[in-house]
Each structure stands twice: as C-alpha cells, then as structure tokens.
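>>> Provided below are the primary sequence and the corresponding predicted coordinates.
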Amino acid sequence: MQTQTEMLANILRETAYLMAEDENPHWAERLYSDAKKLESGDIDGAEDFLRSFGGMGSLDDIYGRPGKNKPEEEKVLIELICDRIDIAHRLASKLTWELRNEHRA
C-alpha cells in the first residue's frame with residue numbers, strides 16, 4: 001500500500017505529464033521537481049506545491065475549469081489536469097497539516 005507521500009508524488013508526476021502534453025513546460029517542470037523532492041523524502045515538495053496557488057500565473061489561475069468555447073479535446077485534457085490538481089491539493093494539505101501537528105504533540 002502506498003503512503004500519502006508516495007500517492008502525492010505519483011499524482012504530481014501524472015499531472016506534470018499532462019501539463020507537458022498541454023504545452024505548459026513551466027508548470028510541468030515545477031510539478032516534476034516537487035514530485036522528486038517527495039520521492040527523496042523531502043516534505044518541501046508538498047509545501048512547494050501548495051505555494052503554487054494564488055496570484056497571477058498561479059496553478060489555479062492557469063488551470064481554471066475550461067470555458068464553453070474551447071475545443072472538446074482541449075476541455076478533456078484540462079479537466080484531467082484540474083481533477084489531478086484538486087486531488088494533489090487535498091493530499092498535500094492533509095500531509096503538511098499532519099506533519100505540522102505531529103511536531104506539536
């Protein structure tokens with residue numbers, strides 16, 4: 001069974017692959033980097049990912065849900081990316097929250 005950290009790293013890798021398919025190398029490389037950190041045991045990968053939200057050019061700015069006027073193929077790819085971003089955000093939030101509270105106990 002995978003740990004939460006392994007699951008998060010896998011989701012980030014999948015998302016990065018899809019972003020590369022969407023011709024977004026900046027975010028693909030950023031998520032690959034976060035996944036590598038997690039795979040090496042560095043929790044900063046989760047925290048770096050969470051810092052990717054908010055502001056101009058952020059993940060949620062670039063990958064908002066697709067509009068009605070987009071081609072269907074592009075909508076499907078964006079939906080896949082958005083779904084994985086949502087899952088990764090929940091996992092990263094849970095993981096970092098648990099680690100912070102573990103250190104307080």
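Here it is on my side, so go on. Since the structure is predicted, the reported quantities are computational estimates derived from the model, not experimental observations.

>>> max-length helix in the protein?
In the chain, with assignment by DSSP state H, the single longest helix is helix 72-104.

>>> Which positions in it come out as buried?
By 16 or more other CB atoms under 10 Å, the buried positions in helix 72-104 come out as 77-78, 81-82, 84-85, 87-89, 91-92, 95-96. Every C-beta, even on glycine, is put in place using the N, C-alpha and C of the backbone.

>>> Equivalent analysis for stretch 54-65, please.
Burial within stretch 54-65, assessed by neighbour count using 16+ other CB under 10 Å, is assigned to L59, I62, Y63.

>>> May I have it exported as PDB, CA atoms only?
Output of stretch 54-65 as PDB, limited to C-alpha atoms (Å, rounded to 0.1, in the frame of the first residue of the first chain):
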ATOM      1  CA  GLY A  54      -3.000  32.200  -5.600                       C
ATOM      2  CA  GLY A  55      -2.000  35.200  -7.700                       C
ATOM      3  CA  MET A  56      -1.400  35.800 -11.400                       C
ATOM      4  CA  GLY A  57       0.100  32.900 -13.300                       C
ATOM      5  CA  SER A  58      -0.600  30.500 -10.400                       C
ATOM      6  CA  LEU A  59      -1.900  27.000 -11.000                       C
ATOM      7  CA  ASP A  60      -5.500  28.000 -10.200                       C
ATOM      8  CA  ASP A  61      -5.100  31.000 -12.500                       C
ATOM      9  CA  ILE A  62      -3.700  28.900 -15.400                       C
ATOM     10  CA  TYR A  63      -5.800  25.800 -14.900                       C
ATOM     11  CA  GLY A  64      -9.300  27.100 -14.000                       C
ATOM     12  CA  ARG A  65     -12.100  25.000 -15.400                       C
END
